[in-house]
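A.B. asks: below are the sequence and a predicted model for it; my questions follow.
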Amino acid sequence: MAPRLILRIEFKSGRAIGPGKIRLLEAIREHGSISKAGRRLGMSYRRAWLLIDDLNRCFAWPLVATKLGGTAGGGAQLTSFGERVLTNYRAIEKSAHRVAAARLRMLDAALGKSPVIRGRGTPLPRMRRGRRAI
């Protein structure tokens with residue numbers, strides 16, 4: 001597996017936005033529902049709702065608008081500001097990947113083989129100090 005750059009933006013307020021919240025926003029845009037988006041990502045409705053609530057409180061404008069259920073069914077959708085945040089995050093991520101690609105390849109090429117733990121597979125070579133084996 002090639003090395004990955006994972007973007008997490010931390011704000012001075014102590015809140016952050018990263019890959020998990022961004023995937024949740026994309027899933028809400030796709031499914032029109034917090035519960036469906038949460039299920040799609042393997043999280044409970046409560047967890048998804050808490051993440052969206054955090055995002056909505058993080059910024060000056062909400063990212064997700066909800067409508068109550070009932071006979072019409074309810075749902076959720078990204079606001080225009082939510083779309084802008086999503087677009088900007090993905091643009092920053094793309095730029096960061098482009099800038100970091102060569103350095104990531106260099107780091108990946110410089111990785112050594114992991115030493116084998118004694119008792120599991122091939123034993124480590126004996127270390128020598130001077131002429132005596134340790």
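C.D. replies: Nice, I can see it.
A.B. asks: what about residue 24, distance to residue 95?
C.D. replies: Noted for residue 24: a distance of 22 Å to residue 95, by Cβ to Cβ, to the nearest Å. C-beta here means a position set from N, CA and C on the backbone, and glycine is covered the same way.
A.B. asks: so residue 12, which state does it fall into?
C.D. replies: coil (DSSP: H, G, I helix; E, B strand; the rest coil).
A.B. asks: which strands or helices does the longest helix along the chain pack on?
C.D. replies: When the chain is parsed with DSSP state H, its longest helix is helix 80-109. Using 3 or more Cβ pairs under 8 Å, 6 or more residues apart in numbering; DSSP states H and E, the elements in contact with helix 80-109 are helix 19-31.
A.B. asks: buried residues, the helix it packs on. List them.
C.D. replies: 21, 22, 24, 25, 26, 27, 28, 29, 31 (16 or more other Cβ atoms under 10 Å).
A.B. asks: quick one: contacts for the first one?
C.D. replies: By Cβ atoms under 8 Å, 6 or more residues apart in numbering, the residues touching residue 21 are 51, 54, 55.
A.B. asks: tell me the buried residues within these.
C.D. replies: Using 16+ other Cβ under 10 Å, the buried members of the contacts of residue 21 are 51, 55.
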